[in-house]
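1. what shape does this take:
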Amino acid sequence: MPDPTRRLFFALWPDDTVRAALDAAGRTVTGKRIKRVAADNLHLTLAFAGPVAADVAACLERAAAAVRLPPFELRIDHAGYWARPRILWIGPTHTPPALWDLAGTLRAILADCGIAPEARGFQAHVTIARRFVQAAPAPAFPAVCWPVSRFCLVQSVSADHASVYRPLRGWPLEGE
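-> The predicted structure is shown next:
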């Protein structure tokens, strides 16, 4: 019998204050009649591992524990839309260098643990709505200031025609 796998990814996981602000921004951008991503699922994916066995998950955890990067502030102030996957998202107009460093470090960890990183480049975003049909440009919303002081390893679990995201473990950003 093959080892069971879990769908894992590294992410920024907001605290309750930031989560509420992201959810409010989502309501502003989508309006009331659009089914948005549940507030409990809001996050910013840094590196997607996909289905991994227990030994690979352990490798990811060991390597993540060794990450030494400084905390930073992320300013979510821009809405965007990807037509092909029909995803409405919010993200930073300017991605801070510290976020690029963190995402790059975590993608290197995937490779070191035997996982091929995604072919598409990193784009910082928080998905607000899926299966969205854009009719007009998204309205402006108050910027969300997100003090980033940790990152997490998250599991994606399928449930009732949707995914539920469960943080498994988190690590502080405490580098120089």
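
2. other residues contacting the worst-scoring helix or strand of the chain on mean pLDDT?
-> Lowest on mean pLDDT, DSSP states H and E among the helices and strands of the chain sits strand 78-82, with a mean of 87. Where contact means C-beta atoms under 8 Å, 6 or more residues apart in numbering, the residues beyond strand 78-82 that reach it are 29, 87-93, 125, 128, 132, 134, 138-139, 141. In short, each C-beta sits where N, CA and C put it, glycine included.

3. compare those residues and tell me which has the most neighbours.
-> Among these, Ile128 has the most neighbours (other C-beta atoms under 10 Å), with 27 neighbours.

4. to what extent is the closest residue to Arg131 other than its chain neighbours buried, counted in neighbours?
-> Closest residue in space to Arg131, ignoring its immediate chain neighbours: Arg86 at 5.3 Å, by C-beta to C-beta, 6 or more residues apart in numbering. For Arg86, the count of nearby residues is 13 (other C-beta under 10 Å).

5. please apply the same query to Thr28.
-> 16.

6. so what pLDDT did the residue nearest to Arg131 get?
-> Listed pLDDT for Arg86 reads 80.

7. I'd like the distance between it and Tyr165.
-> 20 Å (C-beta to C-beta, to the nearest Å).

8. cool, thanks, talk later.
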